[in-house]
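> test case, fold it:
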Amino acid sequence: MPRILHIMLKVTDLDKSVDFYTNVLGMRVLRTRDRSDRTIAFIGYEDESEASCMELVYFHDAKMRDIHPSFGHIAINVPKPIEFEEKIKNTDVEVTRGFNEDYTNKMKILDPDGYEIEVINKYI
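Numbering: from 1, shown residues only. Modelled structure (predicted):
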């Protein structure tokens, strides 16, 4: 059966984006690739052979880094929303919507390039 391998995001600062996705969201760098026109970091929670990952692409030509305005959001599941919320409070991450008191809604945060991350507590 086919499966999604990568979701590609254009980023304006690869180091800042890798820092966000690894230190804030808990992903890890799976591999990197340097090409003549771009640098790519593949990040995820599991190995690529096990699950989909994200491809953060930094284009060396600034004209190629434009973020597409119709991009929706990325959704992640956090099994411990209270701990996640506390972690976010100690960062400069922009929260556009917080969890409600019983954590049954979705928290929304922005990554360094303004991509919306929808944080879901699937286990409630």
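> and what about the most centrally placed residue in the chain, helix, strand or coil?
With distances taken as Cα atoms, centre = their mean, Y21 lies nearest the centre of the chain, 5.0 Å away. Recorded secondary structure, Y21: helix (DSSP: H, G, I helix; E, B strand; the rest coil).
> M64 now?
Per three-state DSSP, M64 ends up helix.
> would you confirm that it contacts K10?
Yes - M64 lies in contact with K10 (Cβ atoms under 8 Å); the separation is 7.4 Å. Every residue, glycine included, has its C-beta placed from N, CA and C.
> these two: which is more packed in?
K10 (19 against 12; other Cβ atoms under 10 Å).
> which residue ranges form the helices in this structure?
14-19, 81-89 (DSSP state H).
> so how far is the longest one from its chain's centroid?
With Cα atoms, centre = their mean, to the nearest Å as the basis, helix 81-89 stands 16 Å off its chain's centre.
> in the protein, which spans are strands?
6-10, 28-34, 38-44, 53-59, 73-77, 95-97, 106-110, 116-120 (DSSP state E).
> which one of these lies nearest to K89?
Of all those, strand 95-97 sits nearest to K89, with 8.6 Å by Cβ to Cβ.
> ok, residues contacting the closest one?
Strand 95-97 has contacts (Cβ atoms under 8 Å, 6 or more residues apart in numbering) with I88, N105, K106, M107, K108, I109, L110, E116.
> apply 6 Å and report the result again.
With Cβ atoms under 6 Å, 6 or more residues apart in numbering as the test, strand 95-97 has contacts from K108, I109.
> average pLDDT for it?
Mean pLDDT, strand 95-97: 94.
> stretch 18-32 now?
Here the average pLDDT along stretch 18-32 is 96.
> before we move on, what about stretch 58-65?
85.
> before we move on, back to that, let me see the contact set for the residue nearest to the centre of the chain.
So Y21 contacts M27, I43 (Cβ under 6 Å, 6+ apart).
> make it 10 Å
Y21 is in contact with 9, 11, 27-29, 41, 43-44, 54, 56, 74, 76, 111-112, 117, counting by Cβ atoms under 10 Å, 6 or more residues apart in numbering.
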